[in-house]
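A.B. asks: Need the 3D shape of this:
(one chain, ligands or ions: 1)
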Amino acid sequence: MEVMRIEGGNTLSGTLSVSGAKNAALPIFAATLLTSETCYLENVPNLSDIRFMAQILQHLGAEVGQTAPTSWKITAKEINHRAPYDLVRKMRASVCLMGPLAGRLKKAEISLPGGCVIGPRPIDMHLKGFAGLGMEVTVDKGYIFLDATNAAGDSIFLGGRHGSTVTGTANVLMAAVLTPGKTIIECAACEPEVVDLCKMLVSMGANIDGIGSPTLTIRGVDKLGGCTYSILPDRIEAGTFLIAGALAGKNLTVTNLRVADQGALLDKLKEAGVNFKIDSATSITVSKSDQPLKPVDVVTHPHPGFPTDVQAQMSTLMSITPGISIVTEKIFPNRFMHVPELQRMGADIAIEGPNAIVKGQSRLSGAPVMASDLRASAALILAGLVAEGTTWVLRIYHLDRGYDKIDEKLRAVGAVIERLPEKDMPQDLNPEDA
Ligand code: EPU
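C.D. replies: Residues are numbered from 1 along each chain as shown. Predicted coordinates:
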């Protein structure tokens with residue numbers, strides 16, 4: 001295993017370019033199963049999750065090739081319908097294979113993915129959506145079986161206690177594009193990644209109205225064709241970099257983002273007094289403010305609300321902002337795995353139910369810390385950039401699932417950060433040895 005060593009206190013300046021969005025690329029890879037023709041995908045981030053998805057597609061029978069660092073070619077001429085546990089358990093997002101398999105083959109057999117560190121991740125709404133399309137849905141021996149022989153379009157409401165569902169919407173949508181009749185998905189997720197998937201499906205010949213709205217109307221077609229599609233920029237990576245700029249930037253320019261996708265974060269950064277300038281629709285320059293920032297309260301919501309995937313990183317910023325900030329997590333109410341690790345670096349954060357009460361400190365100090373999930377890892381990297389002394393982040397394989405070469409990117413703008421084999425870490429600092 002590798003660890004990340006960060007020397008805090010260095011200024012970040014220059015340009016950080018955002019890669020393609022993981023959470024758009026994953027369902028878009030799955031959507032290539034909807035056609036026997038070739039799909040060419042561009043602006044694909046270089047991530048372990050993408051490689052997992054490629055492996056699963058290959059297992060299902062697709063020809064999958066990486067033609068350039070960010071380009072992939074996928075041809076799913078003949079595929080089978082079964083995704084086994086040993087592949088699916090590595091990545092929850094593989095649940096979004098159900099929709100394309102049921103849409104194209106009229107049957108699917110997929111292992112249930114199992115537990116997740118950020119809290120319970122039920123898929124009841126996905127299954128409700130498939131049943132709403134007239135599929136027979138059976139759960140047996142850890143697998144979900146879908147029989148779509150008699151599937152037909154219908155009205156399906158996909159809202160739950162925590163709002164809409166991103167991969168649930170993607171799943172039902174991907175099944176519906178090849179299901180006869182008219183499907184209406186109400187309370188559909190409006191996340192930019194769902195919009196990107198819709199656009200890719202339309203480029204394959206799907207008939208979808210209401211893209212970007214909570215009501216998607218899909219008229220099933222008999223067949224979809226191949227496409228060439230470029231994945232949208234990752235708004236979560238972009239948000240992470242903007243927060244890095246607020247913590248340690250001096251004219252740090254974040255490019256290849258979409259300003260339009262950053263509304264909720266920019267609103268909070270502005271309220272906090274972060275010094276940023278929108279250069280264009282795809283670029284923002286941010287600097288650490290000369291004045292102390294102001295505490296802000298943040299509540300996560302489905303898009304266009306404040307994204308849960310930036311909650312941990314925002315908590316790092318608030319942990320060195322004087323005053324008290326309250327961060328409320330409404331999507332995954334237990335998603336506070338970063339908090340005990342930030343506390344080890346000197347943050348003062350108390351968890352009360354879905355609220356983190358953050359008392360801003362004047363400094364954080366470097367420490368060995370353990371990454372627990374993707375966004376918690378990002379929050380710890382950000383903390384390491386501003387902490388006094390050395391921070392060691394262990395279990396960085398979480399980070400590599402969703403951030404494309406974050407260490408190289410940050411190093412290029414002045415961060416002192418390096419990836420090392422875990423054995424090179426001083427033994428007395430390694431909590432894994434305890
Ligand atoms: N939910 C249900 N039943 C369902 C589906 C969801 O109760 O059938 C609940 C969830 O437990 C949660 C809420 O609904 O409380 C929203 O979950 P959603 O289904 O939208 O999440 P997801 O599709 O499983 C995607 C991203 C997550 C991101 C969430 C929320 C992918 C591959 N994953 O997950 O990304 O946090 O949407 O925006 O797109 C990450 O990238 O670090 C990550 C976890």
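A.B. asks: Is any residue of the helix or strand that Ala30 is a member of near the ligand?
C.D. replies: In the assignment (DSSP states H and E), Ala30 maps to helix 22-31. Yes - Helix 22-31 is in contact with the ligand by C-beta under 6 Å from any ligand atom, via 23, 26. For glycine as for every other residue, the C-beta is placed from the backbone atoms N, C-alpha and C.
A.B. asks: what does that helix contact?
C.D. replies: For helix 22-31, contacts defined as C-beta atoms under 8 Å, 6 or more residues apart in numbering pick out 39, 41, 44-45, 47, 49-50, 53-54, 57, 72, 74, 91, 93-94, 96-97, 99-100, 166-167, 170, 174, 191-193, 196-197, 200-201, 204, 229, 231-232, 234, 236, 309, 401-402.
A.B. asks: Excluding sequence neighbours, find me the nearest residue to the residue of the stretch 301-434 of the chain found nearest the ligand.
C.D. replies: Taking C-beta to the nearest ligand atom, the ligand has its nearest neighbour within the stretch 301-434 of the chain at Leu374, 4.2 Å off. Leaving out its chain neighbours, the residue that sits closest to Leu374 by C-beta to C-beta, 6 or more residues apart in numbering is Gly402, at 4.4 Å.
A.B. asks: The one you found touches Ala371, doesn't it?
C.D. replies: No - the pair Gly402 and Ala371 fails to qualify as a contact (C-beta atoms under 8 Å) at a distance of 11.4 Å.
A.B. asks: returning to that earlier point: only alpha carbons, please: show the helix holding Ala30 as CSV.
C.D. replies: Taking C-alpha atoms only, helix 22-31 is exported to CSV below (Å, rounded to 0.1, in the frame of the first residue of the first chain):
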residue,chain,number,x,y,z
LYS,A,22,-16.0,10.0,-12.3
ASN,A,23,-19.7,9.9,-11.4
ALA,A,24,-20.7,10.7,-15.0
ALA,A,25,-18.1,8.3,-16.6
LEU,A,26,-19.2,5.3,-14.5
PRO,A,27,-22.9,5.2,-15.7
ILE,A,28,-21.8,6.3,-19.2
PHE,A,29,-19.4,3.3,-19.3
ALA,A,30,-22.4,1.1,-18.2
ALA,A,31,-24.6,2.7,-21.0
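A.B. asks: So for it, mean pLDDT?
C.D. replies: Helix 22-31 shows a mean pLDDT of 98.
A.B. asks: follow-up on the earlier one: which residues sit in contact with the residue of the stretch 301-434 of the chain closest to the ligand?
C.D. replies: Here Leu374 is in contact with 398-399, 401-403 (criterion: C-beta under 8 Å, 6+ apart).
A.B. asks: Per the annotation, how does the chain divide into domains?
C.D. replies: 2-19+233-433, 22-230 (automatic domain parsing).
A.B. asks: For the protein, what lies in contact range of the ligand?
C.D. replies: 23, 26, 93, 120-126, 160, 162, 165-168, 189, 308-309, 331-332, 374-375, 402.
A.B. asks: what about burial for the residues you listed, which qualify?
C.D. replies: 23, 26, 93, 123, 125-126, 162, 165-168, 189, 308-309, 331-332, 374-375, 402 (16 or more other C-beta atoms under 10 Å).
A.B. asks: What's the local residue count around the nearest residue to Thr215 once chain neighbours are set aside?
C.D. replies: Of all residues not flanking Thr215 in the chain, Glu186 sits nearest, at 5.6 Å (C-beta to C-beta, 6+ apart). Close neighbours of Glu186, defined as other C-beta atoms under 10 Å, add up to 15.
A.B. asks: Phi and psi next, for Glu186.
C.D. replies: Per-residue torsions, Glu186: phi -100, psi 150 (degrees, to the nearest 10).
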